[in-house]
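Asker: please work out how this folds:
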Amino acid sequence: MDYLFAGSPEPEPLQAAPSAPPPAPPAARPSAPGRGVARQVGDVLVESRLAGMGDADVRSTLARKLCRLLPDLPPGGADTVSTVAVRALEQLARDHIVRVREALATAIKDIACAPPSVVATLARDVERTVAEPVLRCCAALSDEDLLDIVAAAPAGWALSAIARRHSIGAALSDAIAGSGHAEATGILLDNSGAVIAEPTLESLVERSAHHPDWREKLARRPALPRRLALRLADFVDLAVVETLRRRPDFDDATVAEIATTTRRRIDWAEAPDSAESPERRAVRLHRLGKLDETALGDAMSWNEAGFVRAALTLRARVAPEVVDLILDAHDPQAVTALVWRAGLSMRCAMQIQARAAGIHPRAMLNARQGSGFPLSTAEMARHLERYGIGP
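Answerer: Model prediction:
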């Protein structure tokens, strides 16, 4: 780091005292901005050089001292002092000794005016003890950097650290939720400072079929849309239902509907004819004209895959082996087209993708504008033709 000292500010030399006192100035003039901090930066760099920059402890101390001076430096590296200080910090952020980088990360994580180049380097460090404090706490780390880090599929601890940040925008929340990391997503749901857009919440509600520990967290989310609360009630998780019923932002009608949905789900499992096979039950309901989305939802809440497959066979008028082929292929477009042919909604298609076809959340086909099919009629017909299903 010797090159840093070539341009570092030196302490001003002392001048000999004048033989006579100078005349008083006409008015007091403030000292040049940054003059005091310039002297301090120069002193810190010189002291470190004299102590021996080859010593990791000296470099760690230098990192902490420079961080303490950052708030007093002119912003944006507008002068030589700031440039020298930032260049020193950039070098320290790439130091080959881990404890030096740890010292810098710990000192800089709470400084809002920290140089972006420095925190971006620390946030991408392979060592958890270096990157984690910056990822979790540093306000100077931009959303662009955070999105880039999430897109690079980092270690789980890095995603969890980001999910714990004091404030998280909708785009970053969507990226964390879409990462496929269950623990980080759960932490995000617990974070009241995270803004989670409604489409992302909807996707998480569907995915909670495979992540029961998310459900109560979702039920506690602020401003949870009524329709998503009702969908959560589909899971017949009594702790979740109780959380939903106690929310102060739901009116009596919503609470009553949640209770009704839960009661219906329980009745489905405890029905007198529950001993009949799921397939026979589907046939009976079809003959009664009751094989609708409500019945499918009740069946999926109890993971009755056989009922769902039989229902799709009956409603879509296709052979059972073709339904099995489509669902077992984990093909989101074909599953959506099959549900469309069965005369069911895109909401139902999303549930069947997640619960019956086992499609990975990141591969699922989502609704257009909240409820519409994302494929045209011609596109869905083409996907069905691949499985031998004609008009």
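Asker: care to break the chain down by domain?
Answerer: Domain assignment for the chain by automatic domain parsing gives 1-7+37-109, 276-385.
Asker: least confident of the ones you listed, on average?
Answerer: Mean pLDDT is lowest for domain 1-7+37-109 out of the domains of the chain, coming in at a mean of 84.
Asker: now do the helices in the stretch 251-391 of the chain.
Answerer: Along the stretch 251-391 of the chain, the segments classed as helices by DSSP state H, counting those that start in this stretch run 252-269, 278-287, 293-301, 305-316, 320-328, 332-341, 346-355, 377-385.
Asker: distance to P116 and mean neighbour count added to those, as CSV?
Answerer: From N, CA and C alone the C-beta is placed, and that goes for glycine too. Output for the helices of the stretch 251-391 of the chain, formatted as CSV (distance: least, CB to CB, whole Å; neighbours: other CB atoms under 10 Å):
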stretch, distance to P116, mean neighbour count
helix 252-269, 45, 16
helix 278-287, 57, 17
helix 293-301, 47, 20
helix 305-316, 51, 22
helix 320-328, 48, 17
helix 332-341, 39, 24
helix 346-355, 39, 23
helix 377-385, 44, 15
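Asker: export the domains of the chain to TSV and tack on distance to T185?
Answerer: As requested, the domains of the chain are exported to TSV (distance: least, CB to CB, whole Å):
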stretch	distance to T185
domain 1-7+37-109	24
domain 276-385	9
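Asker: of all those domains, which one is nearest A155?
Answerer: A155 sits nearest to domain 1-7+37-109 of all the domains of the chain, at 16.0 Å, using CB to CB.
Asker: check the offset of that closest one from the chain's centre.
Answerer: 33 Å (CA atoms, centre = their mean, to the nearest Å).
Asker: could you do stretch 183-200 as well?
Answerer: 6 Å.
Asker: pLDDT of it, averaged?
Answerer: Computed over stretch 183-200, the mean pLDDT rounds to 95.
Asker: coming back round to it: closest to N366 out of the helices of the stretch 251-391 of the chain?
Answerer: Ranking the helices of the stretch 251-391 of the chain by proximity to N366 (CB to CB) places helix 346-355 first, at 6.8 Å.
Asker: that closest one vs helix 332-341, what angle?
Answerer: On the basis of axes from the mean of the first three to the mean of the last three CA atoms, to 10 degrees, helix 346-355 is oriented at 140 degrees to helix 332-341.
Asker: could we number from 15 for the rest of this?
Answerer: Okay, using 15 as the starting number, the last item reads as helix 360-369.
Asker: okay, the angle between helix 360-369 and helix 334-342?
Answerer: Using the same axes, to 10 degrees: helix 360-369 against helix 334-342 is 80 degrees.
Asker: helices or strands next to helix 360-369 in the packing?
Answerer: helix 212-221, helix 307-315, helix 319-330, helix 346-355 (3 or more CB pairs under 8 Å, 6 or more residues apart in numbering; DSSP states H and E).
Asker: determine the three-state secondary structure at the spatially most central residue of the chain.
Answerer: When CA atoms, centre = their mean is applied to the chain, the residue found nearest the centroid is I190 (2.4 Å). Assigned with DSSP: H, G, I helix; E, B strand; the rest coil, I190 falls in the helix class.
Asker: touching, it and E197? I think so.
Answerer: No - when contacts are counted by CB atoms under 8 Å, I190 is not listed as touching E197 (10.7 Å).
Asker: touching both of the two, which residues are there?
Answerer: L173 (CB atoms under 8 Å, 6 or more residues apart in numbering).
Asker: redo the helices of the stretch 265-405 of the chain as JSON lines? Include distance to V164.
Answerer: Listed next are the helices of the stretch 265-405 of the chain as JSON lines, based on distance: least, CB to CB, whole Å:
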{"stretch": "helix 266-283", "distance to V164": "34"}
{"stretch": "helix 292-301", "distance to V164": "40"}
{"stretch": "helix 307-315", "distance to V164": "31"}
{"stretch": "helix 319-330", "distance to V164": "33"}
{"stretch": "helix 334-342", "distance to V164": "31"}
{"stretch": "helix 346-355", "distance to V164": "23"}
{"stretch": "helix 360-369", "distance to V164": "22"}
{"stretch": "helix 391-399", "distance to V164": "31"}
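Asker: next, count neighbours for V72.
Answerer: 17 (other CB atoms under 10 Å).
Asker: distance of P236 from K123?
Answerer: P236 sits 27 Å away from K123, going by CB to CB, to the nearest Å.
Asker: which one of these two has more residues nearby?
Answerer: Neighbour count, other CB under 10 Å: between P236 and K123, K123 has more, with 21 against 10.
Asker: ok, for A137, nearest residue in space, not its chain neighbours?
Answerer: The shortest distance from A137 to any non-neighbouring residue, by CB to CB, 6 or more residues apart in numbering, is to V148 (4.7 Å).
Asker: show me what contacts the one you found?
Answerer: V148 sits in contact with 119, 122-123, 133, 136-137, 155, where contact means CB under 8 Å, 6+ apart.
Asker: wait, is it part of a helix?
Answerer: Yes - looking at V148 with three-state DSSP, it is inside a helix.
Asker: quick check, pLDDT for the nearest residue in space to A253 that is not next to it in sequence.
Answerer: Spatial nearest neighbour of A253, excluding adjacent residues (CB to CB, 6+ apart): E230 at 5.7 Å. pLDDT for E230: 89.
Asker: E230 against V254, yeah?
Answerer: Yes - E230 sits in contact with V254 when judged by CB under 8 Å, with a separation of 5.2 Å.
Asker: for those two, indicate the residue with more neighbours.
Answerer: Neighbour count, other CB under 10 Å: between E230 and V254, V254 has more, with 25 against 19.
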